[in-house]
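K.L.:
Okay, predicted coordinates and the sequence, questions at the end:
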Amino acid sequence: MTRWGAFAGITLAVLVLLLLLARASQSVVSGRSAYVTREEGRWLDRLPDGAGHLEAADAPSPTRKSPAESTLEPGPDLSTTALLANVAASHGLFALLLLGGIWLTEVPAAALGVTDAPLSTGPLAVAVGLALGAAISLANTLATGLAEALGTEPADELREMLSPETARGWAVLLLGVLPVIAGFEELLFRGALVGGFAAGFGVSPWLLAALSSIAFAAGHGAQGGLGVVVTGLLGFALAAAFVLTESLLVVVVAHYVVNAAEFVVVEGLGWEPFG
């Protein structure tokens with residue numbers, strides 16, 4: 001017999017832990033951004049007289065030195081590898097906690113969007129997920145480009161921090177980290193918070209889709225105010241797809257495509273649609 005109350009408690013506990021981690025990550029990103037901005041200002045202050053007409057955009061990026069090489073205050077210096085490992089480990093741990101809770105409370109897989117229907121777990125689900133992800137990714141890229149043209153683009157420090165500089169790093173990101181993120185976040189925000197709560201408590205899945213999208217947006221505060229809004233809309237699009245298809249696999253694939261495309265197109269290829 002399914003213990004829906006215990007399932008809800010475990011799910012909400014995992015959600016709180018994720019939001020706390022996201023808050024900590026936001027502090028790290030803000031601290032690193034402030035450090036880089038401060039170092040750029042110091043570089044400009046050291047320009048010789050008569051060079052003050054140079055624009056900040058013309059200044060080279062400050063070269064970060066070790067404490068032994070510089071008397072400047074060292075800022076946050078987390079490597080991309082360490083950040084990727086941290087994200088993969090934390091999301092993987094949360095996923096195991098949630099899956100363990102689902103198993104212990106005997107929540108049926110069908111409530112989470114996993115059945116033997118072709119649109120749930122078959123090739124058709126993968127195809128629909130790919131198409132949905134491509135559509136959302138295109139809309140997201142165009143919206144971001146337009147926002148940049150208007151000078152109101154979302155903060156992208158976290159994405160830049162996670163972007164690898166080697167082929168091996170890209171393989172780890174695309175084949176390891178992003179699948180873990182997509183799988184866990186969809187299991188939590190769509191499978192559990194929408195499908196599980198709707199099945200267990202008789203709440204409208206559309207209301208749960210809206211509420212889970214707010215929580216999903218709150219977990220992406222490192223992207224700035226506009227980024228939170230965009231993420232909330234993305235979350236609702238994925239939640240709506242989950243409600244309509246009743247497939248967890250569809251939204252997992254779509255989520256992965258959106259994340260992978262953003263990294264590859266923006267950070268890997270440097271494409272700016274309105275640039």
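P.N.:
Alright, I've got the coordinates.
K.L.:
Report the rounded mean pLDDT for stretch 122-135.
P.N.:
Stretch 122-135 shows a mean pLDDT of 96.
K.L.:
Against residue 250, how distant is residue 87?
P.N.:
According to Cβ to Cβ, to the nearest Å, residue 87 stands 23 Å off from residue 250. Heads up, the C-betas are built off the backbone N, CA and C, glycines and all.
K.L.:
Who has more neighbours out of these two?
P.N.:
residue 250 (30 against 19; other Cβ atoms under 10 Å).
K.L.:
In space, not sequence, find me the middle residue of the chain.
P.N.:
Closest residue to the average C-alpha location of the chain: residue 220 at 6.5 Å, with Cα atoms, centre = their mean.
K.L.:
Leaving out the residues flanking it, which one is nearest to it?
P.N.:
residue 231 (4.3 Å; Cβ to Cβ, 6 or more residues apart in numbering).
K.L.:
Quick check: the gap between that neighbour and residue 89.
P.N.:
According to Cβ to Cβ, residue 231 stands 22 Å off from residue 89.
K.L.:
Looking at the two, which is more packed in?
P.N.:
Per other Cβ under 10 Å, whichever of residue 231 and residue 89 has more neighbours is residue 231, with 20 against 12.
K.L.:
so where do the helices sit in the stretch 1-150 of the chain?
P.N.:
4-45, 80-104, 118-121, 123-149 (DSSP state H, counting those that start in this stretch).
K.L.:
Any chance of these in JSON lines with distance to residue 196 as columns?
P.N.:
Putting those into JSON lines (distance: least, Cβ to Cβ, whole Å) gives the following:
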{"stretch": "helix 4-45", "distance to residue 196": "6"}
{"stretch": "helix 80-104", "distance to residue 196": "8"}
{"stretch": "helix 118-121", "distance to residue 196": "15"}
{"stretch": "helix 123-149", "distance to residue 196": "19"}
